[in-house]
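Participant: take this sequence and fold it.
(one chain, ligands or ions: 1)
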Amino acid sequence: MSEEGSWISIAKTTDVEAGKCNPYEHEGHNLLIAQTKNGDFYAVENLCSHADATLEGGRIRGTHIMCPLHGARFSLIDGSFGPPAWAPIKTYECRVEGDDVQVLISGPPEKKARPAMGMI
Ligand code: FES
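Facilitator: Residues are numbered from 1 along each chain as shown. Here you go, the predicted model:
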């Protein structure tokens with residue numbers, strides 16, 4: 001793996017239906033691969049910043065995903081968020097090569113500070 005990272009084949013394009021998302025794991029990176037209804041693929045971390053719930057099962061609306069637990073909305077493009085989330089989620093560069101969905105992985109997953117439970 002170079003300093004910039006390596007492109008890793010995470011899924012087949014046929015594994016992720018249009019308008020849906022699937023969870024994947026690669027060397028400690030918990031990933032969510034989403035395909036928008038217009039056929040674009042995105043990769044984000046599979047962890048809501050509100051209360052550490054996974055985002056799988058979340059509805060895809062345009063280029064956003066809605067957390068299935070309390071409905072926070074995250075951009076699949078840049079991870080920006082709406083309430084009740086309190087921080088963005090990590091996004092990964094993603095590309096399609098042939099029938100593979102590839103994600104640019106660089107280094108180990110980040111450890112994130114989380115708010116105390118009373119803050120949520
Ligand atoms: S856990 Fe995602 S919005 Fe609350």
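Participant: return the residues of the chain in contact with the ligand.
Facilitator: For the chain, the contact set with the ligand under Cβ under 6 Å from any ligand atom comprises 48, 50, 51, 53, 67, 69, 70, 71, 72, 84, 85. For the C-beta atoms, the positions are set from N, CA and C on the backbone; glycine is no exception.
Participant: tell me how many other residues crowd the first one.
Facilitator: To tie it back to what came earlier, the one meant is residue 48. Around residue 48 there are 25 other residues, counting by other Cβ atoms under 10 Å.
Participant: which pLDDT value goes with residue 111?
Facilitator: Note on residue 111: pLDDT of 70.
Participant: next, the contact list for it, please.
Facilitator: If you count contacts by Cβ atoms under 8 Å, 6 or more residues apart in numbering, residue 111 has none.
Participant: that one: which element?
Facilitator: Using DSSP states H and E, residue 111 sits in no helix or strand.
Participant: distance of it relative to residue 87?
Facilitator: Remark: distance between residue 111 and residue 87 (Cβ to Cβ, to the nearest Å) = 14 Å.
Participant: JSON lines for the residues of the chain next to the ligand, including distance to residue 30?
Facilitator: Formatted as JSON lines, the residues of the chain next to the ligand follow (distance: Cβ to Cβ, whole Å):
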{"residue": "48", "distance to residue 30": "11"}
{"residue": "50", "distance to residue 30": "16"}
{"residue": "51", "distance to residue 30": "15"}
{"residue": "53", "distance to residue 30": "12"}
{"residue": "67", "distance to residue 30": "14"}
{"residue": "69", "distance to residue 30": "16"}
{"residue": "70", "distance to residue 30": "19"}
{"residue": "71", "distance to residue 30": "20"}
{"residue": "72", "distance to residue 30": "17"}
{"residue": "84", "distance to residue 30": "21"}
{"residue": "85", "distance to residue 30": "17"}
